[in-house]
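> Sequence below, structure please.
(chains A and B)
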Number of protein chains: 2
Amino acid sequence: MSKPLILVTNDDGMFAPGLRALVEVVKELGEVVVVAPDSPQSGMGHAITITEPIRLHRVKALEDVEAYECSGTPVDCVKLARHVVLKDRRIDLCVSGINHGSNAAINIIYSGTMSAAMEASLEGIKSIGFSSLDFSFKADFAPQQPYVRKICEYMLNGNSGSNLLNVNMPITKIIGIKVCRQAEARWVEEFQEGIDPRGQKYYWLTGRFENQDDGNDDTDISALNAGYISVVPSIHDLTDYSALDELRKLEQ
Amino acid sequence: MSKPLILVTNDDGMFAPGLRALVEVVKELGEVVVVAPDSPQSGMGHAITITEPIRLHRVKALEDVEAYECSGTPVDCVKLARHVVLKDRRIDLCVSGINHGSNAAINIIYSGTMSAAMEASLEGIKSIGFSSLDFSFKADFAPQQPYVRKICEYMLNGNSGSNLLNVNMPITKIIGIKVCRQAEARWVEEFQEGIDPRGQKYYWLTGRFENQDDGNDDTDISALNAGYISVVPSIHDLTDYSALDELRKLEQ
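Numbering: from 1, shown residues only, chains lettered A, B, ... in the order given. Below you'll find the model as predicted:
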């Protein structure tokens, strides 16, 4: 049997330690190709580049691994990987990350890491986004790597029941893995206002994360708080099926 | 009773005819405040601006309507509207659009228009994204406006069963409104390759839309094809609840 083909991407760019930690793991599981943004793309959500051209360059950035830098968004990276770099080849798994910072709860919709993973899943590719709660570029991924490997192997074995996993990982003292639902949570914004050197007013986005699912123990946030790695199987069908009947009054 | 406060935004920018057509309708229903991007932001998905400051300027762009241009993404516009422009005020409805082009099916996740609407719904604001199948800036919105009004009134009356609607509208000969689910569909990418004036290779995203839900008559695509306005109630919880049980094997 030939080795599985594994696409690696992220939103922090080619030189993020999280990407290297992820590549180290998946190199042992198959043939690895990396297509990553040429600049940090945090918070890009599912953005795509449509009004300008995208650049793609092969780079020697990672030992023994075919790697490309892309000028576009994380979703652009996956599209180019699938339709240009790996055209006509079957991608067995796409892994995105390891993101420096949490993508649990509502962060999934703002996250370039998770949007890249979702884009691959739209193409029918099994896909996992990995994120660490540690924002630091000095983060130690060693305690997380055995779990990353286990989850990748599980998806490669093909019996997961899901094409897209949102995996978030505590920093130390990991107890185990917990499969859970996305917590209901939101960002409470507090724009920092300032005056720039030219005397013009600006606003800079800041805010604090508010868990509105406190007290429930079946969410990703509660799993992480308890020291577990959270795994949320995720979808791209945003239909609220529970609202369809009530809303039909609008048809009259 | 005081007039409802209605926030209007879009992803095509302040001077898009679709925005003006939408403002014309909602001006008759309440007090209107517009916060729109200062440049086209199509395909921005749920992107937010975190690594640089955002500018916000009051502009005289629309008659009798308080309007602001924002240098950020559509989601930034909603955040600034909620936390700066309309701070301490209760927003009764957010409407986004009318987008020039379809946001049916999977387009919802790439769409700045729908991401802005979703952002408002995350804040607990009833929210509707409107899109017309007509891409042209010369589009005639007159046949759509009575339906836009009807759907806005329905949401303002507060008995919709949903906080977020994805509304797409055919161009002419509208038969009525159909409540439906998001079609399973995807973009089949075909990157256009070229060489720029400096001799460097580039890729430009193009592609065709592929409906994978052909033959089913309960989707937004089928409703639009039959001449109906499609209304899909939408959510931000991406958990695949059907996969949770199977996936629990991973916990062992």
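
> Now do the helix or strand harbouring residue A:168: everything it contacts.
Residue A:168 is part of strand A:164-169, with elements assigned from DSSP states H and E. Here strand A:164-169 makes contact (Cβ atoms under 8 Å, 6 or more residues apart in numbering or on different chains) with A:98, A:102-104, A:108, A:114, A:117-118, A:121, A:127-133, A:144, A:147-148, A:151, A:155, A:182, A:220, A:224, A:229-236, B:238, B:240, B:247. In short, each C-beta sits where N, CA and C put it, glycine included.

> Then stretch A:204-221?
Outside stretch A:204-221, the residues touching it (Cβ under 8 Å, 6+ apart) are A:104-105, A:166, A:168, A:180-194, A:222, A:226, A:230, A:232, B:48-50, B:52-54, B:76, B:79.

> Go again with 6 Å.
Applying Cβ atoms under 6 Å, 6 or more residues apart in numbering or on different chains, the contact partners of stretch A:204-221 are A:104-105, A:180-181, A:183-190, A:192, A:230, A:232, B:50, B:53.

> distance between it and the chain's centre?
18 Å (Cα atoms, centre = their mean, to the nearest Å).

> For the nearest residue to residue A:19 once chain neighbours are set aside, list the residues it contacts.
Spatial nearest neighbour of residue A:19, chain neighbours left out: residue A:10 (4.8 Å); criterion: Cβ to Cβ, 6 or more residues apart in numbering or on different chains. By Cβ under 6 Å, 6+ apart, the contact list for residue A:10 reads A:19, A:36, A:96, A:97.

> any idea of the angle the strand or helix carrying the last one forms with strand A:164-169?
Okay, so that is residue A:97. Following DSSP H and E, the helix or strand that holds residue A:97 is strand A:93-100. Calculated by axes from the mean of the first three to the mean of the last three Cα atoms, to 10 degrees, strand A:93-100 forms an angle of 30 degrees with strand A:164-169.

> Who are the packing partners of strand A:93-100?
strand A:5-9, helix A:17-26, helix A:112-122, strand A:127-132 (3 or more Cβ pairs under 6 Å, 6 or more residues apart in numbering or on different chains; DSSP states H and E).

> Which of the contacts of stretch A:204-221 fall within strands?
The strands, defined by DSSP state E, take in A:185, A:186, A:187, A:188, A:189, A:192, A:230, A:232 from the contacts of stretch A:204-221.

> Among these, which one lies nearest to chain B?
Using Cβ to the nearest Cβ, residue A:189 is the member of the ones in strands among the contacts of stretch A:204-221 that sits closest to chain B, with 4.5 Å.

> how about that closest one, what does it touch?
A:207, B:79, B:83.

> Please indicate which of these are buried?
Listed as buried from the contacts of residue A:189 are B:79, B:83; burial here means 16 or more other Cβ atoms under 10 Å in any protein chain shown.

> May I see the contacts of residue A:189 organised as JSON lines, with pLDDT added?
As requested, the contacts of residue A:189 are arranged in JSON lines below (pLDDT from 0 to 100):
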{"residue": "A:207", "pLDDT": "86"}
{"residue": "B:79", "pLDDT": "96"}
{"residue": "B:83", "pLDDT": "94"}
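
> any idea which of the contacts of residue A:189 is closest to residue B:31?
residue B:83 (18.6 Å; Cβ to Cβ).

> okay, the host helix or strand of residue A:75 in PDB with CA atoms only?
In this assignment (DSSP H and E), residue A:75 forms part of helix A:74-80. The C-alpha trace of helix A:74-80 is given here as PDB (Å, rounded to 0.1, in the frame of the first residue of the first chain):
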ATOM      1  CA  PRO A  74      -5.700  30.000   4.400                       C
ATOM      2  CA  VAL A  75      -8.700  29.000   2.300                       C
ATOM      3  CA  ASP A  76      -6.800  30.100  -0.900                       C
ATOM      4  CA  CYS A  77      -3.900  27.800   0.200                       C
ATOM      5  CA  VAL A  78      -6.200  24.800   0.300                       C
ATOM      6  CA  LYS A  79      -7.800  25.700  -3.100                       C
ATOM      7  CA  LEU A  80      -4.300  26.100  -4.700                       C
END
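
> what's in contact with that helix?
Against helix A:74-80 from outside (Cβ under 6 Å, 6+ apart): A:9, A:11, A:35, A:41, A:46, A:48-49, A:54, A:56, A:70, A:112, A:115-116, A:119-120, B:189.

> If we only consider those, which is nearest to residue B:252?
residue A:120 (26.3 Å).

> ok, the closest residue to the closest one other than its chain neighbours to residue A:5 distance?
Residue nearest to residue A:120 in three dimensions, not counting chain neighbours: residue A:94, with 3.6 Å by Cβ to Cβ, 6+ apart. According to Cβ to Cβ, to the nearest Å, residue A:94 and residue A:5 sit 10 Å apart.

> More neighbours: which of those two?
residue A:94 (29 against 17; other Cβ atoms under 10 Å in any protein chain shown).

> In contact with the more buried one, which residues?
With contact taken as Cβ under 6 Å, 6+ apart, residue A:94 is in contact with A:7, A:120, A:125, A:127.

> Now do the contacts for residue A:14.
A:36, A:61, A:69.

> quick check, it in a strand?
No. Counting by DSSP: H, G, I helix; E, B strand; the rest coil, residue A:14 is not part of a strand but coil.

> how far away is it from residue B:98?
40 Å.
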